[in-house]
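Asker: sequence plus predicted model, see below.
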Amino acid sequence: MISTIGLCIKALKKEPFSGSHHGMRYFVTAEDDHLSVFIYPEPWSFEKTPDDEKERRDFPFTQEGLDEAVAWLNQSFESRHSHWETKERDKMKFLL
């Protein structure tokens, strides 16, 4: 499960945050009054992943919005668990 431990509003004001969880990568950035949250598959970075492989949702730039974003990340992982686990398992195949 992804938690808000690594994510905080003050830090997002200064720079984007990225991470991964068992094949699912995520990228969170603050823009004006909203958070943009992206999920995309392993193995590439946000910049190298094709846009058609990214999913985006926007949330209010508040603590409640951040909590909603984390809930969405967790729900997205759980609802496609086998997909993300496959991406995790197969990520090294791309590097060969």
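Answerer: Done, it's in.
Asker: now His34. Nearest residue, chain neighbours left out?
Answerer: What sits nearest to His34 in space, not counting adjacent residues and going by Cβ to Cβ, 6 or more residues apart in numbering, is Asp58, at 4.8 Å. Just so you know, the C-beta spots here come from the backbone N, C-alpha and C atoms, and that holds for glycine as well.
Asker: tell me what that neighbour is bridged to.
Answerer: According to DSSP bridges, the residues that bridge with Asp58 are Ser36.
Asker: neighbours of His34, just the number please.
Answerer: By the measure other Cβ atoms under 10 Å, the count of residues near His34 is 14.
Asker: that one and Glu55, how far apart?
Answerer: According to Cβ to Cβ, to the nearest Å, His34 stands 16 Å off from Glu55.
Asker: quick one: the strands in this structure?
Answerer: In the chain, strands defined by DSSP state E lie at 17-21, 24-31, 34-41, 55-60, listed in chain order.
Asker: where's Leu35 relative to Arg57, distance?
Answerer: For Leu35, the distance to Arg57 equals 9 Å [Cβ to Cβ].
Asker: cool, and His83?
Answerer: Computed as Cβ to Cβ, the His83 to Arg57 distance reads 17 Å.
Asker: just Phe38 next, same as before
Answerer: Where Arg57 is concerned, Phe38 sits at a distance of 8 Å (Cβ to Cβ).
Asker: same check on Pro43?
Answerer: Counting by Cβ to Cβ, the gap from Pro43 to Arg57 is 23 Å.
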